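# Sequence first, then the predicted structure:
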Amino acid sequence: MLPNVTFFFLLVANLAAGEPTSTTTLTATPATLTKSYSAITLQWSNLASPSPLDYVAVYSPPSSGDLDYLGFLFLNASTSWATGTGSLTLPRLPDLRAPYHFRLFRWPPGELSKNPRVDQDGDPLPDASRRAAVSGNVAYEGSGARPAQLHLAFTDEADEMRVMFVCGDDGRRFVRYRPAGLREEQWEESPTVATTYERRHMCDYPANDSVGWRHPGFVFDGVMKGLQPGRRYLYKVGSDSGGWSETYSFISRDTEANETTAFLFGDLGTYVPYNTYFRTPYESLSTVKWILRDLEALGDKPAVVSHIGDISYAKGYAWLWDHFFEQIEPIAAKTPYHVCIGNHEYDWPSQPWKPSWAANIYNGKDGGGECGIAYSIKFRMPGNSSFPTGTGAPDTQNLYYSFDAGVVHFVYMSTETDFTQGSDQYNFVKADLERVNRSRTPFIVFQGHRPMYTSSNETKDTAHREQMIQHLEPLFVKHNVTLALWGHIHRYERFCPMKNYQCLNTSSSFVYPGAPAHVVIGMAGQDYQPSWEPRPDHPNVPIFPQPQRSMYRGGEFGYTKLVATREKLTLTYIGNHDGQAHDKVEIFSLQVGTDSTPDKLVSAMPKNTRYVEIAGCAMLALLLGFMAGFGVRKKTDSARWTPVRNEES
């Protein structure tokens, strides 16, 4: 009798723990993942009376509690789920330097979840109370020793290139590099420095909670020095004992080049945890795909990438940083990848800089409790800007800096920390713009996250925009900033050149008129798209007409491509849905050698050139007489891009 009683109590204990009591099986294959082959197939069988809410949850490391899943998939995504048998294939999962593990749970219809957490849409998340089966472990080869997540960046020296990467331990690693064409035994070698951050550095939920925290590994930082300008180099990172990365190539910076190419965007990620984490394809992958196409077409011309805030949308879920860096590695390992901080890297209620006008701006939890720490450690931009976290954690880095690339001077700012007159950041921007050599870099491109101008309905940022116009716009105007680029609003919108809310030129092709054109480029892949601002003077359809200062706007995902020569800067908006150009603006530089003011252009021309210009104007006047009925000249490339449209016209 005693054995039967013992069996009964064991059965009750297993049921209470949610352990499987049937022959339901769950398998995950392959057991070992490689960088080239990483799809995982989940198969289950013998699931009695299946429910459309039954699901498989994903864990890493395997010791994670049942509620600390990385994401989940409903079994009804398999066509055969109703039979109790089926299979699902997961898209690529990032190498988290720890094994993956899968658990199958029952969720009967009509049973309410007891999980207090909700997804981004406010829907309840499963409470993982009815476990039915568990898989074996699935792990990447090398156990995290092999370098991953490579990304390049410029340093303060023109003949250097920084490379950063991640490993699972802090053992010695190196970067080996050589000009293309030399033999492999002619590698040069530089050491790297490893750093990391801990759970105690996180300031809020979920970053400091078991559901969000995963150890980030060790971030290695190495610098390749003595590079010849504009030359192709090969490099790899790692060690003989831990393994080496694949060999990548890049074109070194050439500050004397007469042409500059850059790819610029903000708000790339659609990375959110739980079931939407496994949605595929990501819009950000489309952005990566089309930029790769354009990079390959460049050949041996150097380029730079700018990602202006809201980088991975990890928002406190550490593994999403790993996912982000793996997705951008095909670009970032070959092209300098430059960033500035956004609210989703930094924002939390105890932010140390909170002026009275920002009471409703810097009081959210957009950063998921990361305090800017993950952003500060995983990137290293030029300069040495920093700002205290106010929590005892390391200072926030990579806030404001600048560099020259060919004919363009790029400037980056932090819209999340003090930029008002007298602040360290304001003083940096002022001094930096005063030092620009316009004979070498005739164009200045300024970048930050929250926009100075937008027609979206993000009304809570109104005070922030007014402060930027008050404190920063006078510097833009005084020092002839060519272009101001912003993210935050998940749409594309190009404004005319703006000065104190006034539009200076409504053309799509013009000589710099004395103030920068503003473009919002936060449409790279984040799926939430805010609405346009309603207009009280248009109570009927259209509900959100464009104001006259807005030259073009659209809700499609995409990125912008900048090409500049000494005479002209062209910014083109490329759509992810077709890889084609949908908007373009051309800005001609002020004539080199003048005192850089528009009203001096004519007087600076040679006398014979002025006579030719006068004669040309007379001929043009006659020609315009024949074209009066047609209005605006048709662009020669109009088949490839959409001209300016204004809903008020």
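Now that the structure is in, tell me what you want to look at.
# Outline the domain layout of the protein.
For the chain, the TED database gives the domain ranges 25-140, 258-599.
# Now tabulate these in a markdown table and tack on distance to Gln186.
All C-beta atoms are positioned from the backbone trio N, CA, C, and that covers glycine. Compiled in a markdown table, these are given as follows (distance: least, Cβ to Cβ, whole Å):
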| stretch | distance to Gln186 |
| --- | --- |
| domain 25-140 | 27 |
| domain 258-599 | 20 |
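# tell me the most buried of those domains?
domain 258-599 (a mean of 20; mean count of other Cβ atoms under 10 Å).
# Would you pull up how far that one lies from the middle of the chain?
Centroid displacement of domain 258-599 relative to its chain, using Cα atoms, centre = their mean, to the nearest Å, is 10 Å.
# and that domain, average pLDDT?
Averaging pLDDT along domain 258-599 gives 90.
# now swap in stretch 189-208 and tell me
95.
# Buried residues in it, which are they?
For stretch 189-208, burial by neighbour count (16 or more other Cβ atoms under 10 Å) applies to 190, 192, 194, 197, 201-204, 206-208.
# Dump those into TSV; add secondary structure and distance to Asp159 as well.
TSV is the format used below for the buried residues of stretch 189-208 (DSSP: H, G, I helix; E, B strand; the rest coil; distance: Cβ to Cβ, whole Å):
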residue	secondary structure	distance to Asp159
Ser190	strand	13
Thr192	strand	19
Ala194	strand	24
Tyr197	coil	31
His201	helix	34
Met202	coil	37
Cys203	coil	39
Asp204	coil	41
Pro206	coil	42
Ala207	coil	38
Asn208	coil	41
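# For those residues, give me a markdown table that also has distance to Asp66.
Formatted as a markdown table, the buried residues of stretch 189-208 follow (distance: Cβ to Cβ, whole Å):
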| residue | distance to Asp66 |
| --- | --- |
| Ser190 | 45 |
| Thr192 | 38 |
| Ala194 | 33 |
| Tyr197 | 27 |
| His201 | 27 |
| Met202 | 22 |
| Cys203 | 26 |
| Asp204 | 23 |
| Pro206 | 16 |
| Ala207 | 21 |
| Asn208 | 20 |
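# From those residues, pick the one nearest Asn427.
Closest approach between the buried residues of stretch 189-208 and Asn427, by Cβ to Cβ: Cys203, at 27.6 Å.
# how much space between the closest one and Gly316?
10 Å (Cβ to Cβ, to the nearest Å).
# Are there residues contacting both of those two? Which ones?
Counting by Cβ atoms under 8 Å, 6 or more residues apart in numbering, the shared contacts of Cys203 and Gly316 are 369-370.
# Let me see the ranges of the strands in the stretch 101-250 of the chain.
Here the stretch 101-250 of the chain has its strands, by DSSP state E, counting those that start in this stretch, at 101-105, 131-134, 139-140, 148-153, 161-167, 174-179, 188-195, 218-224, 232-239, 243-244, 248-251.
# So what's the gap between the second one and the chain middle?
Centroid displacement of strand 131-134 relative to its chain, using Cα atoms, centre = their mean, is 37 Å.
# ditto for the first one
Per Cα atoms, centre = their mean, the displacement of strand 101-105 from the mean C-alpha position of its chain is 31 Å.
# just the third one next, same as before
The gap between the average C-alpha position of strand 139-140 and the chain average comes to 27 Å, counting by Cα atoms, centre = their mean.
# From the contact counts, what lies against it?
strand 32-33 (3 or more Cβ pairs under 8 Å, 6 or more residues apart in numbering; DSSP states H and E).
# what's the following helix or strand after the strand it packs on?
Note on strand 32-33: by DSSP states H and E, the next helix or strand toward the C-terminus is strand 40-45.
# That following strand pairs with which strands, and in what direction?
The pairing partners recorded for strand 40-45 under DSSP bridges are strand 25-29 (antiparallel), strand 86-90 (antiparallel).
# okay, the ones you listed in TSV with mean pLDDT next?
Listed next are those as TSV, based on pLDDT from 0 to 100:
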stretch	mean pLDDT
strand 25-29	97
strand 86-90	92
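# Could you dump those strands into CSV with distance to Ile489 added?
Formatted as CSV, the strands paired with strand 40-45 follow (distance: least, Cβ to Cβ, whole Å):
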stretch, distance to Ile489
strand 25-29, 40
strand 86-90, 32
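# For Ser45, find the nearest of those strands.
Once these are compared by Cβ to Cβ, strand 25-29 is nearest, at 5.3 Å.
# how big is the angle separating that closest one from strand 101-105?
Comparing the axes of strand 25-29 and strand 101-105 via axes from the mean of the first three to the mean of the last three Cα atoms, to 10 degrees yields an angle of 150 degrees.
# So what touches strand 25-29?
By Cβ under 8 Å, 6+ apart, strand 25-29 touches 40-46, 56, 100, 102-104, 132-136, 138.
# likewise stretch 493-506?
452-456, 469, 473, 477, 510, 512-520, 548-554, 573, 583, 585, 644.
# Quick check: end-to-end length of it?
14 Å (Cα to Cα, to the nearest Å).
# same deal with stretch 500-513?
14 Å.
# Grab the nearest non-local neighbour of His151.
Ala332 (3.6 Å; Cβ to Cβ, 6 or more residues apart in numbering).
# ugh, wrong one, Gly230
Using Cβ to Cβ, 6+ apart, the nearest residue to Gly230 is Asp254, at 3.6 Å.
# separation between that neighbour and Ala303?
11 Å.
# which SS class is the residue nearest to Gly230?
When classified by DSSP: H, G, I helix; E, B strand; the rest coil, Asp254 comes out as coil.
# now do Ser284
helix.
# Renumber starting at 48 from here on
I'll keep to 48 as the first residue from here, and by that count the last item is Ser331.
# residue contacts, Lys425?
211, 263, 266, 368, 372.
# Return the member of those residues nearest to Tyr280.
Using Cβ to Cβ, these come closest to Tyr280 at Met211, 16.4 Å.
# My understanding was that the closest one contacts Phe265; is that so?
No: Met211 is not in contact with Phe265 according to Cβ atoms under 8 Å; the separation is 10.9 Å.
# Of these two, give the one with the bigger neighbour count.
Remark: of Met211 and Phe265, Met211 carries more neighbours, 24 against 21, as counted by other Cβ atoms under 10 Å.
# That one pairs with what?
Bridge pairing for Met211 - DSSP bridges - gives His198, Asp268.
# Check it and give its pLDDT.
Confidence at Met211, expressed as pLDDT, is 98.
# Now do the contacts for it.
196-198, 200, 266-269, 425-427.
# where along the chain do the helices fall?
Secondary structure of the chain, counting by DSSP state H: helices at 49-64, 330-345, 366-379, 390-393, 420-425, 471-482, 509-518, 520-525, 654-673.
# Only alpha carbons, please: show the second one as PDB.
What follows is the C-alpha trace of helix 330-345 in PDB, where atoms were taken according to Å, rounded to 0.1, in the frame of the first residue of the first chain:
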ATOM      1  CA  GLU A 330      11.300  46.400 -41.600                       C
ATOM      2  CA  SER A 331      14.800  47.200 -40.200                       C
ATOM      3  CA  LEU A 332      16.000  44.200 -42.300                       C
ATOM      4  CA  SER A 333      14.700  46.000 -45.400                       C
ATOM      5  CA  THR A 334      16.700  49.100 -44.500                       C
ATOM      6  CA  VAL A 335      19.800  47.000 -44.000                       C
ATOM      7  CA  LYS A 336      19.200  45.200 -47.300                       C
ATOM      8  CA  TRP A 337      18.900  48.400 -49.400                       C
ATOM      9  CA  ILE A 338      21.800  50.100 -47.700                       C
ATOM     10  CA  LEU A 339      24.000  47.000 -48.400                       C
ATOM     11  CA  ARG A 340      23.000  47.300 -52.100                       C
ATOM     12  CA  ASP A 341      24.000  50.900 -52.200                       C
ATOM     13  CA  LEU A 342      27.300  50.200 -50.400                       C
ATOM     14  CA  GLU A 343      28.200  47.500 -52.800                       C
ATOM     15  CA  ALA A 344      27.600  49.900 -55.700                       C
ATOM     16  CA  LEU A 345      30.100  52.400 -54.200                       C
END
